[in-house]
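S.K.: Just need the structure, nothing else, for what follows:
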Amino acid sequence: FLEQLAKENQAQERNDALATQEMREGGEVVQPEGEESAVFSVSRLVVEEVEPKGNFPVSGAQFYQQRLAALQQGKLYTRLPRDSFSERWQNAKQQPSHEQWQELLRYEARAIALGQGQNRLNLLVGDSLSAWFPTEDLPKRAFWLNQSISGENTQQIRQRLSLFAETRPQTIYVMAGINDLRQGVSEEAILENYRAIAQQLKQQHPQAKIVLQSLLPTRDQTLNPRIRRLNQALAQIAETEKLLYLNLHAFFVDNNGHLHRDFTTDGIHLTADGYEVWQQALNQVQAWLDVQYPFQSYTL
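M.R.: Residues are numbered from 1 along each chain as shown. Sure thing, here's the model as predicted:
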(Lines give C-alpha, C1' and ligand atoms only; values in the text may rest on other atoms or scores of the structure.)
Protein backbone atom coordinates (compact mmCIF):
# COMPACT_ATOMS: atom_id res chain seq x y z
CA PHE A 1 0.00 0.00 0.00
CA LEU A 2 3.02 2.29 -0.14
CA GLU A 3 3.69 4.08 -3.39
CA GLN A 4 6.73 2.84 -5.34
CA LEU A 5 9.88 4.89 -5.68
CA ALA A 6 9.81 7.23 -8.64
CA LYS A 7 11.91 6.07 -11.56
CA GLU A 8 15.36 7.66 -11.52
CA ASN A 9 15.81 10.02 -14.43
CA GLN A 10 18.99 11.13 -16.14
CA ALA A 11 19.07 14.46 -14.33
CA GLN A 12 19.06 12.72 -10.94
CA GLU A 13 21.87 10.43 -12.02
CA ARG A 14 23.95 13.39 -13.16
CA ASN A 15 23.37 15.12 -9.82
CA ASP A 16 24.44 12.02 -7.92
CA ALA A 17 27.54 11.65 -10.08
CA LEU A 18 28.51 15.29 -9.52
CA ALA A 19 28.03 14.96 -5.75
CA THR A 20 30.20 11.83 -5.68
CA GLN A 21 32.89 13.49 -7.80
CA GLU A 22 32.93 16.51 -5.47
CA MET A 23 33.34 14.23 -2.50
CA ARG A 24 36.28 12.40 -4.04
CA GLU A 25 38.05 15.53 -5.28
CA GLY A 26 37.46 17.64 -2.19
CA GLY A 27 38.63 15.08 0.33
CA GLU A 28 35.57 15.53 2.51
CA VAL A 29 35.60 11.90 3.65
CA VAL A 30 38.37 10.68 5.89
CA GLN A 31 38.66 6.93 6.34
CA PRO A 32 40.27 6.12 9.73
CA GLU A 33 41.56 2.73 10.74
CA GLY A 34 38.86 0.08 10.51
CA GLU A 35 37.18 -0.55 7.21
CA GLU A 36 33.66 -0.06 8.56
CA SER A 37 34.19 3.37 10.10
CA ALA A 38 34.37 6.75 8.44
CA VAL A 39 34.35 10.36 9.59
CA PHE A 40 32.46 12.72 7.32
CA SER A 41 33.31 16.40 7.17
CA VAL A 42 31.07 17.60 4.38
CA SER A 43 32.18 20.85 2.81
CA ARG A 44 31.14 23.51 0.31
CA LEU A 45 27.54 23.62 1.45
CA VAL A 46 25.86 26.57 -0.24
CA VAL A 47 22.59 27.77 1.26
CA GLU A 48 20.04 29.41 -0.99
CA GLU A 49 17.17 31.42 0.42
CA VAL A 50 14.32 29.04 1.21
CA GLU A 51 10.71 30.15 1.23
CA PRO A 52 8.45 27.46 2.69
CA LYS A 53 5.40 26.95 0.51
CA GLY A 54 1.97 25.71 1.39
CA ASN A 55 0.14 25.18 4.64
CA PHE A 56 1.80 22.68 6.95
CA PRO A 57 1.66 21.65 10.62
CA VAL A 58 3.30 23.98 13.12
CA SER A 59 2.37 22.26 16.40
CA GLY A 60 2.79 18.80 17.83
CA ALA A 61 -0.99 18.34 17.83
CA GLN A 62 -1.24 19.14 14.12
CA PHE A 63 1.80 17.08 13.23
CA TYR A 64 0.46 14.04 15.08
CA GLN A 65 -2.96 14.23 13.42
CA GLN A 66 -1.40 14.55 9.97
CA ARG A 67 0.74 11.48 10.46
CA LEU A 68 -2.16 9.55 11.96
CA ALA A 69 -4.31 10.42 8.93
CA ALA A 70 -1.56 9.29 6.56
CA LEU A 71 -1.17 6.02 8.42
CA GLN A 72 -4.91 5.36 8.34
CA GLN A 73 -4.87 5.90 4.57
CA GLY A 74 -1.98 3.49 4.10
CA LYS A 75 0.47 6.27 3.20
CA LEU A 76 4.00 6.97 4.35
CA TYR A 77 3.92 10.60 5.47
CA THR A 78 7.55 11.24 4.50
CA ARG A 79 6.53 10.72 0.85
CA LEU A 80 3.61 13.15 0.95
CA PRO A 81 3.44 16.94 0.56
CA ARG A 82 3.62 18.73 3.90
CA ASP A 83 0.10 20.12 3.48
CA SER A 84 -1.47 16.67 3.08
CA PHE A 85 -4.67 15.91 5.02
CA SER A 86 -5.00 19.53 6.13
CA GLU A 87 -8.70 19.04 6.79
CA ARG A 88 -7.74 16.52 9.48
CA TRP A 89 -5.09 18.51 11.33
CA GLN A 90 -5.55 22.25 10.78
CA ASN A 91 -7.81 22.66 13.82
CA ALA A 92 -6.04 20.14 16.06
CA LYS A 93 -5.41 21.42 19.60
CA GLN A 94 -5.04 18.30 21.76
CA GLN A 95 -1.37 17.57 22.37
CA PRO A 96 -0.65 13.83 22.07
CA SER A 97 1.01 12.06 24.97
CA HIS A 98 4.45 10.52 24.76
CA GLU A 99 2.80 7.10 24.75
CA GLN A 100 0.62 8.09 21.80
CA TRP A 101 3.68 9.18 19.84
CA GLN A 102 5.36 5.87 20.58
CA GLU A 103 2.33 3.93 19.39
CA LEU A 104 2.18 5.99 16.19
CA LEU A 105 5.85 5.32 15.48
CA ARG A 106 5.35 1.62 16.19
CA TYR A 107 2.54 1.38 13.62
CA GLU A 108 4.45 3.45 11.06
CA ALA A 109 7.41 1.10 11.43
CA ARG A 110 5.18 -1.94 11.10
CA ALA A 111 3.62 -0.50 7.94
CA ILE A 112 6.97 0.17 6.29
CA ALA A 113 8.22 -3.28 7.29
CA LEU A 114 5.29 -4.76 5.36
CA GLY A 115 5.43 -2.37 2.42
CA GLN A 116 9.14 -1.76 1.89
CA GLY A 117 9.60 -4.50 -0.67
CA GLN A 118 13.07 -4.29 -2.22
CA ASN A 119 13.34 -0.52 -1.84
CA ARG A 120 16.08 1.27 0.07
CA LEU A 121 15.00 2.44 3.52
CA ASN A 122 16.67 5.11 5.64
CA LEU A 123 15.77 5.95 9.25
CA LEU A 124 15.99 9.17 11.25
CA VAL A 125 16.19 8.58 15.00
CA GLY A 126 16.30 11.48 17.43
CA ASP A 127 14.42 14.34 19.04
CA SER A 128 12.55 17.38 17.69
CA LEU A 129 15.41 18.43 15.41
CA SER A 130 15.00 15.20 13.45
CA ALA A 131 11.24 14.91 13.95
CA TRP A 132 10.59 18.19 12.14
CA PHE A 133 12.93 17.50 9.23
CA PRO A 134 10.91 18.73 6.20
CA THR A 135 9.80 15.75 4.15
CA GLU A 136 10.57 17.46 0.84
CA ASP A 137 14.19 17.96 1.95
CA LEU A 138 14.88 14.27 2.57
CA PRO A 139 17.23 12.77 -0.05
CA LYS A 140 15.39 11.06 -2.88
CA ARG A 141 15.58 7.50 -4.23
CA ALA A 142 14.66 5.92 -0.89
CA PHE A 143 11.88 5.44 1.60
CA TRP A 144 12.41 7.43 4.81
CA LEU A 145 11.01 6.45 8.18
CA ASN A 146 11.23 9.17 10.83
CA GLN A 147 11.37 7.56 14.28
CA SER A 148 11.98 10.75 16.24
CA ILE A 149 9.97 12.25 19.11
CA SER A 150 10.15 15.87 20.25
CA GLY A 151 11.56 16.41 23.72
CA GLU A 152 13.22 13.02 24.09
CA ASN A 153 16.61 12.43 25.66
CA THR A 154 19.07 9.65 24.92
CA GLN A 155 17.72 7.40 27.69
CA GLN A 156 14.20 7.54 26.24
CA ILE A 157 15.48 6.82 22.74
CA ARG A 158 17.52 3.92 24.08
CA GLN A 159 14.40 2.41 25.63
CA ARG A 160 12.29 2.45 22.45
CA LEU A 161 14.62 1.15 19.73
CA SER A 162 12.55 -2.02 19.55
CA LEU A 163 9.67 0.00 18.05
CA PHE A 164 11.26 -0.31 14.62
CA ALA A 165 13.03 -3.66 15.09
CA GLU A 166 11.05 -5.28 12.25
CA THR A 167 12.26 -2.80 9.63
CA ARG A 168 15.15 -3.45 7.23
CA PRO A 169 16.97 -0.13 6.85
CA GLN A 170 20.11 0.41 4.82
CA THR A 171 21.10 3.54 6.76
CA ILE A 172 20.18 4.82 10.23
CA TYR A 173 20.92 8.44 11.15
CA VAL A 174 21.04 9.17 14.89
CA MET A 175 21.15 12.57 16.59
CA ALA A 176 20.25 13.23 20.22
CA GLY A 177 21.60 14.73 23.42
CA ILE A 178 20.55 18.36 23.47
CA ASN A 179 17.57 17.63 25.71
CA ASP A 180 19.84 15.67 28.07
CA LEU A 181 22.09 18.71 28.42
CA ARG A 182 19.15 21.01 29.08
CA GLN A 183 17.89 18.55 31.71
CA GLY A 184 21.25 18.46 33.49
CA VAL A 185 22.18 14.90 32.50
CA SER A 186 25.91 14.25 32.82
CA GLU A 187 28.08 13.82 29.76
CA GLU A 188 29.09 10.38 31.02
CA ALA A 189 25.46 9.26 31.16
CA ILE A 190 24.78 10.61 27.67
CA LEU A 191 27.76 8.75 26.25
CA GLU A 192 26.77 5.56 28.05
CA ASN A 193 23.35 5.80 26.40
CA TYR A 194 24.95 6.42 23.02
CA ARG A 195 27.12 3.32 23.37
CA ALA A 196 24.06 1.27 24.26
CA ILE A 197 22.10 2.73 21.34
CA ALA A 198 24.94 1.96 18.94
CA GLN A 199 25.33 -1.61 20.16
CA GLN A 200 21.60 -2.36 20.07
CA LEU A 201 21.21 -0.90 16.58
CA LYS A 202 24.14 -2.99 15.34
CA GLN A 203 22.56 -6.13 16.77
CA GLN A 204 19.03 -5.23 15.66
CA HIS A 205 20.00 -4.12 12.14
CA PRO A 206 23.27 -5.84 11.15
CA GLN A 207 22.74 -4.93 7.49
CA ALA A 208 22.51 -1.18 8.18
CA LYS A 209 25.11 1.55 8.08
CA ILE A 210 24.68 3.53 11.29
CA VAL A 211 25.57 7.23 11.17
CA LEU A 212 26.13 9.09 14.43
CA GLN A 213 25.56 12.77 13.73
CA SER A 214 27.24 15.42 15.81
CA LEU A 215 25.17 17.58 18.12
CA LEU A 216 24.51 21.01 16.67
CA PRO A 217 25.65 24.18 18.43
CA THR A 218 23.07 26.36 20.19
CA ARG A 219 22.75 30.06 21.04
CA ASP A 220 23.29 29.15 24.72
CA GLN A 221 26.96 29.77 25.46
CA THR A 222 26.79 27.62 28.60
CA LEU A 223 25.88 24.52 26.58
CA ASN A 224 28.28 24.86 23.67
CA PRO A 225 31.50 23.77 25.45
CA ARG A 226 29.72 20.60 26.59
CA ILE A 227 28.43 20.01 23.06
CA ARG A 228 31.96 20.24 21.67
CA ARG A 229 33.24 17.73 24.23
CA LEU A 230 30.38 15.35 23.49
CA ASN A 231 31.02 15.55 19.76
CA GLN A 232 34.66 14.60 20.24
CA ALA A 233 33.57 11.60 22.30
CA LEU A 234 30.89 10.62 19.76
CA ALA A 235 33.47 10.55 16.98
CA GLN A 236 35.53 8.19 19.13
CA ILE A 237 32.51 5.97 19.82
CA ALA A 238 31.82 5.79 16.09
CA GLU A 239 35.37 4.68 15.42
CA THR A 240 35.38 2.13 18.24
CA GLU A 241 32.01 0.67 17.25
CA LYS A 242 32.85 0.72 13.50
CA LEU A 243 30.08 3.20 12.73
CA LEU A 244 29.99 6.33 10.60
CA TYR A 245 30.28 9.82 12.09
CA LEU A 246 28.84 12.90 10.40
CA ASN A 247 30.25 16.19 11.66
CA LEU A 248 27.43 18.69 11.13
CA HIS A 249 28.54 21.02 13.90
CA ALA A 250 31.09 22.92 11.81
CA PHE A 251 28.50 23.99 9.25
CA PHE A 252 26.06 25.45 11.76
CA VAL A 253 28.48 27.33 13.99
CA ASP A 254 29.28 31.05 13.73
CA ASN A 255 32.57 32.80 14.49
CA ASN A 256 31.69 32.94 18.20
CA GLY A 257 31.06 29.21 18.50
CA HIS A 258 27.26 29.59 18.59
CA LEU A 259 24.52 28.33 16.30
CA HIS A 260 24.35 30.72 13.35
CA ARG A 261 21.40 33.11 13.68
CA ASP A 262 20.21 32.42 10.14
CA PHE A 263 19.81 28.73 10.94
CA THR A 264 17.68 28.89 14.08
CA THR A 265 14.23 30.00 15.18
CA ASP A 266 14.85 30.04 18.92
CA GLY A 267 18.50 29.23 19.57
CA ILE A 268 18.07 25.46 19.22
CA HIS A 269 15.51 24.54 16.55
CA LEU A 270 16.20 25.06 12.87
CA THR A 271 14.91 27.36 10.17
CA ALA A 272 14.31 26.25 6.59
CA ASP A 273 17.85 27.41 5.79
CA GLY A 274 19.20 25.26 8.60
CA TYR A 275 17.43 22.18 7.31
CA GLU A 276 18.78 22.88 3.83
CA VAL A 277 22.33 22.67 5.19
CA TRP A 278 21.48 19.36 6.83
CA GLN A 279 19.84 18.13 3.62
CA GLN A 280 22.95 18.86 1.55
CA ALA A 281 25.09 17.00 4.07
CA LEU A 282 22.82 13.95 3.88
CA ASN A 283 22.87 14.11 0.09
CA GLN A 284 26.65 13.90 0.06
CA VAL A 285 26.74 11.09 2.61
CA GLN A 286 24.18 9.12 0.62
CA ALA A 287 26.20 9.65 -2.58
CA TRP A 288 29.32 8.37 -0.81
CA LEU A 289 27.46 5.35 0.53
CA ASP A 290 26.11 4.58 -2.94
CA VAL A 291 29.68 4.29 -4.18
CA GLN A 292 31.09 2.39 -1.22
CA TYR A 293 28.12 0.08 -0.66
CA PRO A 294 26.05 -0.09 -3.88
CA PHE A 295 22.40 -0.93 -3.36
CA GLN A 296 21.08 -3.16 -6.14
CA SER A 297 17.52 -3.87 -5.05
CA TYR A 298 15.57 -0.85 -6.22
CA THR A 299 12.03 -1.44 -7.38
CA LEU A 300 11.63 0.97 -10.29
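S.K.: The stretch 1-150 of the chain: helices as residue ranges?
M.R.: Secondary structure of the stretch 1-150 of the chain (DSSP state H, counting those that start in this stretch): helices located at 10-26, 60-72, 86-89, 98-115, 128-131.
S.K.: For the first one, what does the pLDDT average out to?
M.R.: Spelled out, it's helix 10-26. Here the mean pLDDT over helix 10-26 is 37, rounded to a whole number.
S.K.: Report the central residue of this structure.
M.R.: Geometric centre of the chain, nearest residue: Leu124, 3.7 Å, by C-alpha atoms, centre = their mean.
S.K.: Hmm, Phe133 and that one touching each other?
M.R.: Yes. Using C-beta atoms under 8 Å, Leu124 is in contact with Phe133, at 6.2 Å. Using the backbone N, CA and C atoms, a C-beta is placed for each residue, glycine as well.
S.K.: quick one: common contacting residues for the two?
M.R.: Counting by C-beta atoms under 8 Å, 6 or more residues apart in numbering, the shared contacts of Leu124 and Phe133 are Asn146, Ser148.
S.K.: how much space is there between Gln90 and Ala208?
M.R.: Look at Gln90 and Ala208: by C-beta to C-beta, to the nearest Å, they are 36 Å apart.
S.K.: between these two, which one's more packed in?
M.R.: Just comparing Gln90 and Ala208: by other C-beta atoms under 10 Å the higher neighbour count belongs to Ala208, 18 against 14.
S.K.: and Ile268, helix, strand or coil?
M.R.: When the structure is split into helix, strand and coil by DSSP: H, G, I helix; E, B strand; the rest coil, Ile268 lands in coil.
S.K.: didn't it look like it was pressed against Pro217?
M.R.: No. With contact defined as C-beta under 8 Å, Ile268 does not reach Pro217; the gap is 9.6 Å.
S.K.: pLDDT at Asn55, what is it?
M.R.: Value for Asn55, per-residue pLDDT: 87.
S.K.: What of Gly115?
M.R.: Per-residue confidence for Gly115 comes out at a pLDDT of 89.
S.K.: next one: stretch 178-192 to chain centre, how far?
M.R.: On the basis of C-alpha atoms, centre = their mean, to the nearest Å, stretch 178-192 is displaced by 20 Å from the centre of the chain it belongs to.
S.K.: An error on my part: the question was meant for stretch 102-121.
M.R.: Centre-to-centre, stretch 102-121 and its host chain are 16 Å apart (C-alpha atoms, centre = their mean).
S.K.: Now Asn146. Nearest residue, chain neighbours left out?
M.R.: With C-beta to C-beta, 6 or more residues apart in numbering as the measure, Leu124 is the residue that lies nearest to Asn146, at 4.7 Å, once sequence neighbours are left out.
S.K.: so where do the helices sit in the stretch 151-300 of the chain?
M.R.: Along the stretch 151-300 of the chain, counting by DSSP H, counting those that start in this stretch, helices occupy 154-159, 178-182, 187-204, 224-240, 272-292.
S.K.: Make CSV from those and add distance to Asn55, mean neighbour count and mean pLDDT to it.
M.R.: Compiled in CSV, the helices of the stretch 151-300 of the chain are given as follows (distance: least, C-beta to C-beta, whole Å; neighbours: other C-beta atoms under 10 Å; pLDDT from 0 to 100):
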stretch, distance to Asn55, mean neighbour count, mean pLDDT
helix 154-159, 30, 19, 98
helix 178-182, 28, 21, 98
helix 187-204, 35, 17, 98
helix 224-240, 34, 17, 97
helix 272-292, 15, 20, 94
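S.K.: Since that was my last question, I'll sign off now.
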